[in-house]
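K.L.:
Turn this into a structure:
(chains A and B)
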Number of protein chains: 2
Amino acid sequence: MGEELYGIREGEIAIALPETFDASLYFIGRIRTPWTRRQDCPKNGRESDAVCTIEVDARWAQALKGVETCTHLVVLYWMDKARRDLVIQAPRHYNAQRGTFALRSPVRPNPIALSVVKLRKIEGNKLSVTGLDCLDGTPLLDLKPYFASTESAPDAVVGWHKERKG
Amino acid sequence: MGEELYGIREGEIAIALPETFDASLYFIGRIRTPWTRRQDCPKNGRESDAVCTIEVDARWAQALKGVETCTHLVVLYWMDKARRDLVIQAPRHYNAQRGTFALRSPVRPNPIALSVVKLRKIEGNKLSVTGLDCLDGTPLLDLKPYFASTESAPDAVVGWHKERKG
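P.N.:
Okay, here's the model as predicted:
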């Protein structure tokens, strides 16, 4: 990955990462999407109606029992190409410095992404969904049923985003 | 932890875990809650109006810049006391077998939990929030701004949950 995508820009701040890790993850499948370059990915999942495929490894296929009753799922996946040591970032398209935890950038100490997707179909260990915006081949970490009662907050505001001028 | 909480029940199915991990995590802080035993935790975060505190490690404190403009956050944390090898679970209070990915149980291949919280206050590296239901001392993995445009799905249905008889 080139400097342009994953390097450090003027105004960005990197810290020293801890010397050891604290926990470990299994990749439990892969996400198949039409996008093979970062610049081709939609800006967010709801900008695209592309049907993507989540392929769950055979080892975990039984764990899908009951998922077919869900209209929406939370998908967690691993953004394995991102650096992890930036605390202040200056995304070019926002023209401002912001903290990593105020952004959805893949650059973060633990590059776990989450998307809320609509489930279209399940066939065996393959789920057809809409609402993803990640690169083809992205490692899958988890699938969860989406509960509107606890996860829907239609009045939520991200103040810096609402007021941004570009 | 006792058999009752984290053992295997009749009807549950465990698989052999992969021999190696694929990625690693840093704990970036701790979550402080009033609950020190699993059975005291609320069933979900919106059942309680308890104000909990998210303590971000000093190393990452600068990454909070801009978070104060958000009304809601996505909190990712690590359920470090759960087994990871069950594909079919039989939670006692539901009286049915279901797949791990149809449940929000901490028992899953990657025990990453997510909660949508309301942000009340930030002082230095401490965030006061409502909407958490986890044990005191739970390791923090990530904080993200919650975007209603992509994460709110008020019409989402979890069919098995809606129709359950107990």
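K.L.:
For the most centrally placed residue in chain A, name its beta-bridge partners.
P.N.:
What sits nearest the mean C-alpha location of chain A, by C-alpha atoms, centre = their mean, is residue A:113, with 2.8 Å. Using DSSP bridges, the beta-bridge partners of residue A:113 come out as residue A:77.
K.L.:
I figured it hits residue A:134, correct?
P.N.:
Yes - Residue A:113 is within contact range of residue A:134, at 6.7 Å (criterion: C-beta atoms under 8 Å). C-beta: built from backbone N, CA, C; applies to glycine.
K.L.:
Quickly list what's touching both of those two.
P.N.:
A:77, A:79 (C-beta atoms under 8 Å, 6 or more residues apart in numbering or on different chains).
K.L.:
The residue nearest to the centre of chain A and residue B:107: what is the separation?
P.N.:
23 Å (C-beta to C-beta, to the nearest Å).
K.L.:
what ranges do the helices span in chain A?
P.N.:
In chain A, the helices defined using DSSP state H lie at A:3-6, A:148-151, A:159-162.
K.L.:
Low-confidence ranges, chain A, go.
P.N.:
For chain A, applying pLDDT under 70 flags the ranges A:1-6, A:94, A:164-166.
K.L.:
can you rerun that using 50?
P.N.:
Chain A contains residues with pLDDT under 50 at A:1-5, A:166.
K.L.:
Would you mind putting the CA coordinates of stretch A:59-76 into PDB?
P.N.:
Listed next in PDB are the C-alpha coordinates belonging to stretch A:59-76 (Å, rounded to 0.1, in the frame of the first residue of the first chain):
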ATOM      1  CA  ARG A  59     -16.000 -25.100  10.500                       C
ATOM      2  CA  TRP A  60     -18.500 -22.500  11.600                       C
ATOM      3  CA  ALA A  61     -21.400 -23.200   9.200                       C
ATOM      4  CA  GLN A  62     -23.700 -24.800  11.800                       C
ATOM      5  CA  ALA A  63     -23.500 -21.500  13.700                       C
ATOM      6  CA  LEU A  64     -25.800 -19.900  11.100                       C
ATOM      7  CA  LYS A  65     -28.900 -21.800  12.300                       C
ATOM      8  CA  GLY A  66     -31.600 -19.200  13.000                       C
ATOM      9  CA  VAL A  67     -29.800 -16.400  11.200                       C
ATOM     10  CA  GLU A  68     -32.300 -16.800   8.300                       C
ATOM     11  CA  THR A  69     -35.000 -15.300  10.600                       C
ATOM     12  CA  CYS A  70     -33.100 -12.000  10.800                       C
ATOM     13  CA  THR A  71     -33.800  -9.100   8.400                       C
ATOM     14  CA  HIS A  72     -30.600  -7.200   9.400                       C
ATOM     15  CA  LEU A  73     -27.200  -8.400  10.700                       C
ATOM     16  CA  VAL A  74     -24.200  -6.700  12.200                       C
ATOM     17  CA  VAL A  75     -21.000  -7.800  10.400                       C
ATOM     18  CA  LEU A  76     -17.600  -7.400  12.000                       C
END
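K.L.:
So for it, what gets flagged as buried?
P.N.:
A:59-67, A:69-76 (16 or more other C-beta atoms under 10 Å in any protein chain shown).
K.L.:
Contact partners for the closest residue to residue A:157 other than its chain neighbours?
P.N.:
Spatial nearest neighbour of residue A:157, excluding adjacent residues (C-beta to C-beta, 6 or more residues apart in numbering or on different chains): residue B:71 at 4.8 Å. Taking C-beta under 8 Å, 6+ apart, we find residue B:71 in contact with A:153, A:155, A:156, A:157, A:158, A:159, B:118, B:119, B:146.
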